[in-house]
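**Student:** Have a look at this prediction, sequence included:
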Amino acid sequence: GDYNSNMITLLDNTANQLDTVTDHCALATTERDAIKAEVTELKEQLATALAALNASKKGKQNGTTWKQRKLAMQHYCHTHGLNKSHDSHDCKNKRDGHQDTATKAKRMGGKDSTL
């Protein structure tokens, strides 16, 4: 009577614990797979970034050379040289001796960007 009843209870409890362990293992596997997928994606992003860095080290970016990009810049600043944002008279970070009237054609001893 009591022995069999206790054994049944013990076996039921053990079966429930095994179910819980199995559920935890399944959850751990799912989490592991998600982490593995995220790591794989990050590796791919890193490889893409490294490839872009290596390409820029070779002087190319989006199919243009540094010289071509510099020539396309429209502004000239006595302090900063060729740039995309400001001319000499608009410069907000002037170095000593800065010439507000310097232009791309008349640099007045200002920065001569490598072309």
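**Tutor:** That came through, no problem. Residues are numbered from 1 along each chain as shown.
**Student:** Mind giving me the packing neighbours of the helix or strand hosting residue 30?
**Tutor:** Residue 30 is part of helix 2-57 when elements are defined by DSSP states H and E. In terms of contacts (3 or more CB pairs under 8 Å, 6 or more residues apart in numbering; DSSP states H and E), helix 2-57 is packed against no helix or strand at all. C-beta here means a position set from N, CA and C on the backbone, and glycine is covered the same way.
**Student:** and that helix, average pLDDT?
**Tutor:** The predicted model assigns helix 2-57 a mean pLDDT of 85.
**Student:** what's the spacing between it and its chain's center?
**Tutor:** Relative to the centre of its chain, helix 2-57 is centred 27 Å away, using CA atoms, centre = their mean, to the nearest Å.
**Student:** go on, stretch 99-110?
**Tutor:** With CA atoms, centre = their mean as the basis, stretch 99-110 stands 37 Å off its chain's centre.
**Student:** what's the first-to-last distance across that stretch?
**Tutor:** Chord length of stretch 99-110, first to last residue, is 8 Å (CA to CA, to the nearest Å).
**Student:** List the buried residues for it?
**Tutor:** Neighbour counts using 16 or more other CB atoms under 10 Å place 99, 102-104, 107, 110 of stretch 99-110 among the buried residues.
**Student:** contacting residues around it?
**Tutor:** In this structure, residues lying in contact with stretch 99-110 by CB atoms under 8 Å, 6 or more residues apart in numbering are 75-79, 81-82, 87-89, 91, 97-98.
**Student:** repeat that for 7 Å
**Tutor:** For stretch 99-110, the surrounding residues in contact (CB atoms under 7 Å, 6 or more residues apart in numbering) are 76, 78-79, 88-89.
**Student:** so for it, what's the average pLDDT?
**Tutor:** The average pLDDT within stretch 99-110 is 91.
**Student:** sorry, back to before: okay, the contacts of stretch 99-110 in CSV with pLDDT and neighbour count next?
**Tutor:** Formatted as CSV, the entries for these read as follows, by pLDDT from 0 to 100; neighbours: other CB atoms under 10 Å:
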residue, pLDDT, neighbour count
76, 89, 21
78, 94, 23
79, 92, 19
88, 94, 23
89, 93, 13
